[in-house]
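J.: Sequence first, then the predicted structure:
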Amino acid sequence: MDPTSQKTIDFPVPKEKEAKTGIVVVGGGAAGMTAAIAAARRGADVTVVERMARIGKKLLATGNGRCNLTNTNRGIEKYHGANPEFVLGAFGQFHVGETLSFFEELGVEPVVESDGCVYPASGQASSVLDVLRYEMEHLGVAVLCDTPIRRIEKGRKGFGCMSADGGMIRADRVIVAAGGKSSPNLGSNGSGFKIAEALGHTVKTPFPALVQILLDAPFLKRLAGVRIQGRAECRVDNIVAGSERGELLFADYGISGIPILGLSRPVSENAGTGRKLSLHLDLFPDAAPAQVAERIARRIAFNPGKPLDISFIGMLHKRLIGVILEEAGCRNRELACGSLSPGDIHRIAALLKDWPLQCTGVKSWMFSQVTAGGVDVGEVNPRTMESKIVPGIFFAGEVLDIDGDCGGYNLQWAWSSGYVAGISAAK
Ligand SMILES: Cc1cc2nc3c(=O)[nH]c(=O)nc-3n(C[C@H](O)[C@H](O)[C@H](O)COP(=O)(O)OP(=O)(O)OC[C@H]3O[C@@H](n4cnc5c(N)ncnc54)[C@H](O)[C@@H]3O)c2cc1C
């Protein structure tokens, strides 16, 4: 849509229920609440408009209820989108140090774990939400819940935020912090993208990220619930797209676990394109293939009369043994393990080091933790978060085409972009 073709409206004098505000923040998530606090601290008259019955519902679910609020291992490589460098504009003003000070002043004591992940000392995501809500209340920020905004109309002076029930909330400036499409049960249902498009913005096609991967394999039901430690490598058309190590969890649909969430982005982006998508599991990442073969040969030498499947107990998860043997072409599990040929041992060891699994896609939006794609950052000023297309409109958080890795990086983006949008809108 050509933004210059937008009609200019004289908004009617507000009806009684319509609040007259300086800044309206659309969305009471992590980015919206930070934006509201930053703007209100600079004297702005702020109203947060939230479509759910309560603000901050997603925040309560973060970090398995503990809220991994940031990560001390910073790096641009943790962020993705058409132009990840966009984050630097906000991070230059409000990054990890400022975030930690911000929360410490609000009362949240941060605890940094060995992987750099930061959690509140209380171990409760609710404490992060509580201090944000208290600060908003203290600053006089108005909160309107159960009020989904459908679109934003530009007037001769300011904006009208049109709610689904036909109401209008006037604003001098609007911060769109409506999130992406992930976990719609927690609030963000993609309506922020529609609002942005109607204002003339381009939205890069959203797709789910940090999500479980679907596999095409006949043995998934047998493995459902099996947890193993290992390394997973994701390949697109046989080209390595990422590699992660940690706990891998099999499920009847495919595979999950933090390393898998971290590898899901290229699978999700390329699903349905005809490209070959595969995961390659290494169940012994600290050993070379020859060392794994030696370990198997040694076990067999100790007890050559043991049936094949029994002989792997203690080395592999019990439910994995039969599957691995079958995949390696050793179908007669009752055979004495001593009858395995060196070629059989080599094949089993090779499979344990590089077990290829075909991916068919990822689980749905309902299961994804973050949305890749979103409002084109080329149309937004990185130092203010203001729209280059409609001055007076600002964006913050996941609604933008920025997504981060697992480990606190997405909330960091929400705090940073929210804070910068808030101070800029209040200027
Ligand atoms: C289960 C889960 C666990 C996670 N754990 C972590 C973690 O530990 N660490 C981390 O860094 N990240 C985590 N994330 C990701 C992180 O929560 C998000 O990236 C972050 O919350 C995005 O903040 P946001 O404010 O941009 O969007 P959201 O938090 O999605 O907030 C957007 C808000 O806008 C409201 N809204 C939407 N449309 C409208 C509308 N039209 N009108 C009015 N209101 C509207 C929504 O209801 C919502 O409250 C997790 C995500 C999930 C789902």
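T.: Thanks, I have the structure now.

J.: now the helices for this protein?
T.: Assigned by DSSP state H, the chain shows helices spanning 30-41, 57-61, 87-91, 96-106, 125-138, 191-198, 220-223, 258-270, 289-302, 308-311, 318-327, 342-353, 409-426.

J.: okay, now the domains of the chain?
T.: Following automatic domain parsing, one finds the domains of the chain at 3-209+369-426, 212-362.

J.: Now the helices of the chain in CSV, please, with extra columns for mean neighbour count.
T.: Using the backbone N, CA and C atoms, a C-beta is placed for each residue, glycine as well. Listed next are those as CSV, based on neighbours: other CB atoms under 10 Å:
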stretch, mean neighbour count
helix 30-41, 28
helix 57-61, 19
helix 87-91, 21
helix 96-106, 16
helix 125-138, 18
helix 191-198, 22
helix 220-223, 16
helix 258-270, 23
helix 289-302, 15
helix 308-311, 20
helix 318-327, 18
helix 342-353, 18
helix 409-426, 27
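
J.: Among the ones you listed, which comes closest to Leu283?
T.: Of all these, helix 342-353 sits nearest to Leu283, with 4.8 Å by CB to CB.

J.: So what touches the closest one?
T.: With contact meaning CB atoms under 8 Å, 6 or more residues apart in numbering, helix 342-353 is reached by 282-284, 287, 289-290, 292-293, 296-297, 300, 316, 324-325, 327-330, 340.

J.: how much space between Val111 and the ligand?
T.: 14 Å (CB to the nearest ligand atom, to the nearest Å).

J.: ok, that residue - contacts?
T.: Val118, Tyr119, Pro120, Ala121.

J.: Now, the residues you listed that are in strands?
T.: Using DSSP state E, Val118, Tyr119, Pro120 are the members of those that sit in strands.

J.: so the first one sits right up against Leu69, yeah?
T.: Right, Val118. Yes: the pair Val118 / Leu69 is scored as a contact, 5.5 Å apart, by CB atoms under 8 Å.

J.: just to revisit the earlier point, narrow the contacts of Val111 to just the buried residues.
T.: Val118, Tyr119, Pro120 (16 or more other CB atoms under 10 Å).

J.: any idea which of those is closest to Ser387?
T.: For the buried ones among the contacts of Val111, the nearest to Ser387 is Val118 (31.1 Å; CB to CB).

J.: The closest one bridge partners, please.
T.: Thr70, Val112 (DSSP bridges).

J.: give the contact list for it.
T.: Contacts of Val118 (CB under 8 Å, 6+ apart): Asn68, Leu69, Thr70, Asn71, Thr72, Val96, Leu100, Pro110, Val111, Val112, Gly408.

J.: quick one: the fifth one from Gly92, how far?
T.: When you say that, I think you mean Thr72. 17 Å (CB to CB, to the nearest Å).

J.: One more: the last one?
T.: For Gly408, the distance to Gly92 equals 19 Å [CB to CB].

J.: Settle it for me: which of the two has more neighbours?
T.: Gly408 (27 against 12; other CB atoms under 10 Å).

J.: Excluding chain neighbours, what is closest to the residue in the stretch 1-150 of the chain that the ligand sits nearest to?
T.: Residue nearest to the ligand within the stretch 1-150 of the chain: Gly29 (1.9 Å; CB to the nearest ligand atom). Nearest residue to Gly29, sequence neighbours excluded (CB to CB, 6 or more residues apart in numbering): Gly179, at 5.3 Å.

J.: any idea how far the ligand is from the one you found?
T.: 3 Å.

J.: Count the residues that sit near that residue.
T.: 31.

J.: Next: Lys306.
T.: 16.

J.: wait, it sits on Leu335?
T.: No: assessed by CB under 8 Å, Lys306 is found out of contact with Leu335, at 10.1 Å.

J.: and the residue of the stretch 301-427 of the chain found nearest the ligand, what does it touch?
T.: Distances between the stretch 301-427 of the chain and the ligand by CB to the nearest ligand atom are smallest at Gly397, namely 2.2 Å. Residues in contact with Gly397, defined by CB under 8 Å, 6+ apart, are Gly27, Gly29, Ala30, Ala31, Gly32, Ala177, Gly179, Trp413, Ala414, Ser417, Gly418.

J.: which ones are touching the residue lying closest to the third one once chain neighbours are set aside?
T.: If you skip the residues right next to it in sequence, Ala30 has Ala414 as its closest partner in space, 3.8 Å away by CB to CB, 6+ apart. Under the criterion of CB under 8 Å, 6+ apart, the neighbours of Ala414 are Gly29, Ala30, Ala31, Thr34, Ala177, Ala396, Gly397, Glu398.

J.: I'd like a version of the residues you listed in CSV, one that adds pLDDT as further columns.
T.: Formatted as CSV, those follow (pLDDT from 0 to 100):
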residue, pLDDT
Gly29, 98
Ala30, 98
Ala31, 98
Thr34, 98
Ala177, 99
Ala396, 99
Gly397, 98
Glu398, 98
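
J.: Please enumerate the strands of the stretch 151-300 of the chain.
T.: 159-163, 168-176, 203-209, 213-216, 227-236, 239-250, 254-256, 277-282 (DSSP state E, counting those that start in this stretch).

J.: Residues in contact with the shortest one: which ones?
T.: Strand 254-256 is contacted from outside by 212-215, 220, 232, 248-250, 279, 357, 359-360, 363, using CB under 8 Å, 6+ apart.

J.: So what's the residue count around Val362?
T.: Val362, neighbours per other CB under 10 Å, totals 27.

J.: I appreciate the help and will end here.
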